[in-house]
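Novice: Model the structure of this input:
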Amino acid sequence: MNLKECSLIQELLPLYEENLVNKETAEYIEEHLSGCSYCAEEWANFLKPLPDPWEGAKATAPKSTENRVVKRIKKTVLLALLLIVMGGTGLAYASYTAGKHVGRDDPSYRFAQELGLFTEINQSDTIGGIQVNLENGLFDGTRSVLFVNFSSPVQEIPMISLTDDQGKDYHHKSSKGWQSKYFMFELEPLDLDTQNINVSIALMDQDGKEGEDRAEFNVPVDVIKTAQYTKIIYPNQEKDLADLKIHLEKAVLGVSESEFEVRFDWPLDGSVAGLGIGRGTAYFPTSVREMPETPSPPGGAVSPGGLMSGYAASYGVNYRMEDPPQNRPVLYDLTDRKEVEVQGAEYVTTQFPCQVTASLKFAPVEQDSENLELVLPPLYLYEKAGNTSQFQLDFQEINEHGLEKSIPCQGGEIVLEKVWREENQVCLSFRLESFDNPEVVLPRFVLTDGGGIKQGEMHFDRENPNVIVFYLYNEEIKEFILNLDSIGQMLPREKFSLEL
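Specialist: Have a look, this model is predicted:
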């Protein structure tokens, strides 16, 4: 699986579904889907109808579905009109703007465009005979965004680096592409005193390594013109639950994005087995290691208080407004009485054990907004399962096993119905019995080989919440051991109110 190619394919799926790609691009997507089970599953899930939202949202669900269909019809009609009016010479431009997730037509940039906050760059350089055009950029309080196009398609998403006039490097956060020629790069926001930036772009060679030939650009910037429309708030609000502390540390309301930084802390003593965010979205197990008091070697990791986590993890999530609200963060603009579009989130461990930071991202809020309400994604606290039953799974001769095995646990029991193998994944169906409220219970299983080495990542199926999918690390292994590791209980949804 080529992660960069998969990312590009998944960005193109909405346009492919609406027949908004040319024949060559459609054939490229179909060829990839035929050979990549991961993207094929994404495509299958994309075509499935959305599940019903929670009980309180049933009244508004048909409207959301209708809006999505209407928007797609409008976008298709608009594209057709553009092609008729512009003719063949406008085909490339119309195809580019159809991928609004790449260009400045994205609604997130509406306010920045109205105020003329984009920096027009229009510089060119070459890499191996391919012309690289750095068109423009937006230097917001939450991110730096650069738009680049190539004179001919490239095989991989290009590599980019950015440094300022003080020599500071800015982290590359994400990339999006369209037709393998047009790209948007998102990096960290620039410091306020930055006056010039150096941008370097490279292509990947045939071995998947960064090429030596680079396109170089030196760009004067004016960060202040965007900063004057940015609001930065330090709410200093905290929720102190029984086994979890939640701290809303910072809110940055930029011209293209609203970002909220939240910190989660849970006990070090092992009373909590781990923290889960969303239904299988992200899971952080409790892991604490005591470090020796001897000084760390040069360049070695520093352990605060002599303790450090046994792992580091980061989860990037792309949320959609069509997703049921019970499995994503929500931001309400109480002034305009509307929900602000959710965009994504990043959940990351820190240098402190049992601590995770969340960066929740939404569309920009209106400049005259006075009150916001942030609802956190569902949070689960896990406890180790008291039952240590192990289940041997052998797929050497048959690909499906009926189980009907019951695992008793506090408050009820988990019944394993059947398990089956599909190419690079193992699937498990289960049901919860005798629990007072099974909707707030989330079991976590671990799949290992005979030596106890983990052999797959666990995910919940999008269509059926009672099916667990393990994406295998090694497709050659046919024998596994299945263990119930821990059981999560969903906490009451927490929210923060902000006065701007």
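
Novice: Show me the shaky parts of the stretch 151-300 of the chain.
Specialist: For the stretch 151-300 of the chain, residues meeting the criterion pLDDT under 70 lie at 294-300.

Novice: can you map out the helices along it?
Specialist: For the stretch 151-300 of the chain, applying DSSP state H, counting those that start in this stretch gives helices covering 224-227.

Novice: Next: the chain.
Specialist: For the chain, the helices defined by DSSP state H occupy 3-17, 23-35, 37-47, 61-86, 91-98, 110-114, 224-227.

Novice: Counting neighbours, which bits of the first one end up buried?
Specialist: Going back to what we said before, that points to helix 3-17. In terms of neighbour count (16 or more other CB atoms under 10 Å), helix 3-17 has its buried residues at 5, 8, 9, 10, 11, 12, 13, 15, 16. Heads up, the C-betas are built off the backbone N, CA and C, glycines and all.

Novice: now the angle from that helix to helix 23-35?
Specialist: Per axes from the mean of the first three to the mean of the last three CA atoms, to 10 degrees, the angle that helix 3-17 makes with helix 23-35 is 120 degrees.

Novice: Out of the buried residues of helix 3-17, give me the two with the largest separation.
Specialist: Of all pairs drawn from those, the greatest distance, 16.3 Å, lies between 5 and 15 (CB to CB).

Novice: Can you tell me which of the buried residues of helix 3-17 is closest to residue 174?
Specialist: Once CB to CB is applied, the member of these that ends up nearest residue 174 is residue 11, at 10.8 Å.

Novice: Could you list the buried residues of stretch 127-137?
Specialist: For stretch 127-137, using 16+ other CB under 10 Å, the buried residues are 127, 130, 132, 133, 134, 135, 137.

Novice: which two in these are spaced the farthest apart?
Specialist: 130 and 137 (20.5 Å).

Novice: residue ranges with poor pLDDT in the protein?
Specialist: 1-4, 7, 18, 20, 45-105, 294-302, 387-388.

Novice: Look up which residues are beta-bridged to the residue most central in space within it.
Specialist: Residue closest to the average C-alpha location in the chain (CA atoms, centre = their mean): residue 317, at 1.7 Å. When assigned by DSSP bridges, residue 317 has beta-bridge partners residue 345.

Novice: That one reaches residue 344, doesn't it?
Specialist: Yes. Counting by CB atoms under 8 Å, residue 317 touches residue 344, with 5.8 Å between them.

Novice: Name the nearest of the buried residues of stretch 127-137 relative to residue 224.
Specialist: residue 137 (14.9 Å).

Novice: ok so, going back, need the buried residues of stretch 127-137 in CSV (columns: distance to residue 380).
Specialist: Output for the buried residues of stretch 127-137, formatted as CSV (distance: CB to CB, whole Å):
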residue, distance to residue 380
127, 47
130, 48
132, 46
133, 47
134, 44
135, 44
137, 40
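
Novice: so of these, which ones are in strands?
Specialist: 127, 130, 132, 133, 134, 135, 137 (DSSP state E).

Novice: which ones are touching the fifth one?
Specialist: Yep, that's residue 134 we're talking about. Counting by CB atoms under 8 Å, 6 or more residues apart in numbering, residue 134 makes contact with 121-125, 146-148, 199, 201, 215, 217, 219.

Novice: how near is it to residue 120?
Specialist: Look at residue 134 and residue 120: by CB to CB, to the nearest Å, they are 10 Å apart.

Novice: again, but for the fourth one
Specialist: From residue 133 across to residue 120, the span is 12 Å (CB to CB).

Novice: Repeat that for the second one.
Specialist: For residue 130, the distance to residue 120 equals 22 Å [CB to CB].

Novice: Now for the nearest residue to residue 354 once chain neighbours are set aside: which residues touch it?
Specialist: Nearest non-adjacent residue to residue 354, counting by CB to CB, 6 or more residues apart in numbering: residue 266, 5.0 Å away. Shown in contact with residue 266 (CB under 8 Å, 6+ apart): 243, 244, 245, 272, 275, 286, 354, 381.

Novice: which one among those gets closest to residue 488?
Specialist: Set against residue 488, the nearest of the contacts of residue 266 by CB to CB is residue 381 (6.6 Å).

Novice: what sits against the closest one?
Specialist: 243, 244, 266, 272, 274, 275, 276, 488, 489, 491.

Novice: Please check the residues you listed and keep the buried ones.
Specialist: 244, 266, 272, 274, 275, 276, 488, 489, 491.

Novice: From residue 282, how far out is the third one?
Specialist: Between residue 272 and residue 282 the distance, using CB to CB, works out to 15 Å.

Novice: The last one too?
Specialist: If you measure residue 491 against residue 282 using CB to CB, the figure is 15 Å.

Novice: quick revisit: distance to residue 195 added to the contacts of residue 266, as TSV?
Specialist: Compiled in TSV, these are given as follows (distance: CB to CB, whole Å):
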residue	distance to residue 195
243	48
244	43
245	40
272	48
275	42
286	46
354	41
381	48
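
Novice: Sort out for me which of the residues you listed are in strands.
Specialist: In this view, these that belong to strands under DSSP E are 245, 275, 381.

Novice: Spatially, what comes nearest to the first one if we skip its sequence neighbours?
Specialist: The spatial neighbour of residue 245 that comes closest, neighbours along the chain excluded (CB to CB, 6+ apart), is residue 265 at 4.5 Å.

Novice: Contacts only, for the one you found.
Specialist: Residue 265 neighbours (CB under 8 Å, 6+ apart): 244, 245, 247, 352, 354, 355.

Novice: So what's the residue count around the residue lying closest to residue 198 once chain neighbours are set aside?
Specialist: Distances taken as CB to CB, 6+ apart put residue 163 closest to residue 198, at 5.0 Å, once the chain neighbours are dropped. Counted with other CB atoms under 10 Å, residues neighbouring residue 163 total 15.

Novice: go on, the one 10 residues further on?
Specialist: As a burial measure, residue 173 scores 15 neighbours (other CB under 10 Å).

Novice: if you skip the residues just before and after it, what's nearest to it?
Specialist: residue 186 (4.7 Å).

Novice: residues touching residue 202, list them.
Specialist: So residue 202 contacts 127, 158, 159, 160, 210, 211, 212, 213, 214, 215 (CB under 8 Å, 6+ apart).

Novice: Which pair in the contacts of residue 266 has the greatest spatial separation?
Specialist: Maximum distance among the contacts of residue 266 (CB to CB): 14.6 Å, for 245 and 286.

Novice: Looking at those two, which one has more neighbours?
Specialist: Neighbour totals were compared for residue 245 and residue 286, and residue 286 leads with 21 against 14 (other CB under 10 Å).

Novice: Which parts of the stretch 151-300 of the chain are strands?
Specialist: In the stretch 151-300 of the chain, the segments counted as strands under DSSP state E, counting those that start in this stretch are 159-164, 169-170, 172-178, 182-187, 196-204, 210-220, 231-233, 237-240, 245-253, 258-265, 274-277, 282-285, 289-290.

Novice: Over to the stretch 351-500 of the chain?
Specialist: Under DSSP E, counting those that start in this stretch, the stretch 351-500 of the chain gives strands at 355-362, 371-375, 379-384, 390-394, 400-409, 412-422, 425-433, 441-448, 456-460, 467-472, 479-490, 495-499.
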